[in-house]
Every structure is written in C-alpha cells, then in structure tokens.
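J.: coordinates only, sequence not included:
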C-alpha cells in the first residue's frame, strides 16, 4: 500500500462531509474519497457510485458472506454501511484515501491500516447545536431525529479513541484546523 488514510468520523450533522469535501478540494493532498456501500435510501442530489454505492439488503448481505468488506456495520435497523475492499485497492496505490464513516467503522479501519492512518473525530459544539443542525436539514422524522441524537451521544463518548478531535463550532476555523492536522500527518 502506497498511500495514507484519513478517517473522519462524527455524529450526523457535525459537518464531517463538508470538511471532507474541503480536504478533497486541495489537490496537493492527493486525496480520493472512499465511497462507502449502504442499504439506506438515496437522498435528493445523491449519485450512486459517487456519494455511496447503494445496495439492496440482500446484495449487502451477499457481499458480507463473500468477505468483500474491510468493515461493515448495521448502523440502524436494516441500514448497513461498509467499506468494500475493491474500493480501497483501486485507490491506495496512487493516492491517499479519505473515509467518512461512523465510530465503529473508524476504529475498524484504524486497526486495519494501523500507522498508515489518522483518525479525526469532528465534535459538534453541543448536543443542542447538533439537534438544531439536524432540524434545519428537514429530512428526518422525530423518531429519526431521536435515534440520531441518541447515537450521537454514544459516539461522542468514544471520541478519546481518536488521534485528533476537532470541535466544529466555526466552519472556517475547523477547515483550517483539519487542513493543518492532515498536512502534518501526510508529510511525516
């Protein structure tokens, strides 16, 4: 494996995807996004193969059976996410890879890639602010919202297992901070 691996993790609504896109826009980092597989429904504006590899539950379980994942998890009932081995192998020879995953996935990837990886936890300023951000998205039912906030609290309890923690209170400051952390890791 030639490249290094950046693993971003955060509760839903913390700004991790925005920060990942910022890092991807900086050509000198030579980053490519690892597209996760998922069984969740596609949201408006998402493209299969670009945002996620959207699979049916049966397809996903078949790939688990065939040992095609580096890691996977049932994040919510019948909603699976995972990292396909084929996705990584096609990228890591010539690039650094960035992952946008949940806590369990991040820790599994950290174990898999060891010293070639950097884990970064993006922490919201507070649970209240996280709830406000999720409500502004207007794409979650009250039940979904409660489930995401409960999961967020559990994820935030595990943040100390990460190499770096960035509190995303101000997006521009967080962009500068994550760029500095990632550059430092890639250049060592």
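T.: Looks like it arrived, so ask away. Quantities reported herein were computed from a predicted structural model and do not represent experimental measurements. Numbers count the residues shown, from 1 in each chain.
J.: C-alpha from now on. contacts and neighbour counts both.
T.: OK.
J.: what's the nearest residue to the most centrally placed residue in the chain if we skip its chain neighbours?
T.: Centrality entry for the chain: nearest residue to the mean C-alpha point is residue 100, 1.7 Å, by C-alpha atoms, centre = their mean. Setting aside the residues directly before and after it, residue 100 is nearest to residue 8 in space (C-alpha to C-alpha, 6 or more residues apart in numbering), at 4.9 Å.
J.: so that neighbour sits against residue 98, correct?
T.: Yes: using C-alpha atoms under 8 Å, residue 8 is in contact with residue 98, at 7.3 Å.
J.: I'd guessed residue 85 sits against residue 70; true?
T.: Yes: counting by C-alpha under 8 Å, residue 85 touches residue 70, with 5.5 Å between them.
J.: quick one, which of the two is more surrounded?
T.: Legend: neighbour count by other C-alpha atoms under 10 Å for residue 85 and residue 70, higher for residue 70 (17 against 13).
J.: for that one, phi and psi?
T.: Dihedral pair for residue 70: phi -70, psi -40, per degrees, to the nearest 10.
J.: how close does it get to residue 46?
T.: 23 Å (C-alpha to C-alpha, to the nearest Å).
J.: now residue 108
T.: 26 Å.
J.: the more surrounded of these two?
T.: Each of residue 108 and residue 46 has its neighbours counted (other C-alpha under 10 Å); residue 108 has more, 14 against 11.
J.: now do the same contact list for that one.
T.: residue 71 (C-alpha atoms under 8 Å, 6 or more residues apart in numbering).
J.: by contact count, what packs against the lowest-mean-pLDDT helix or strand in the chain?
T.: Least confident helix or strand, the chain: helix 127-137 with a mean of 84, by mean pLDDT, DSSP states H and E. Other elements packing on helix 127-137 under the criterion 3 or more C-alpha pairs under 8 Å, 6 or more residues apart in numbering; DSSP states H and E are helix 142-156.
J.: now the helix it packs on: average pLDDT?
T.: For helix 142-156, mean pLDDT is 87.
J.: partner strands of whichever helix or strand comes after it and their direction?
T.: Sequence-wise, the next helix or strand downstream of helix 142-156 (DSSP states H and E) is strand 164-167. With DSSP bridges as the test, strand 164-167 is paired with strand 117-123 (parallel).
J.: quick one: contacts of the strand it pairs with?
T.: Here strand 117-123 has contacts from 4-11, 14-16, 106, 110, 156, 159, 162-168, 182, 185, using C-alpha under 8 Å, 6+ apart.
J.: and the angle from that strand to helix 142-156?
T.: Between strand 117-123 and helix 142-156, the angle comes out at 130 degrees (axes from the mean of the first three to the mean of the last three C-alpha atoms, to 10 degrees).
J.: can you give me how far strand 117-123 is from the chain middle?
T.: 9 Å (C-alpha atoms, centre = their mean, to the nearest Å).
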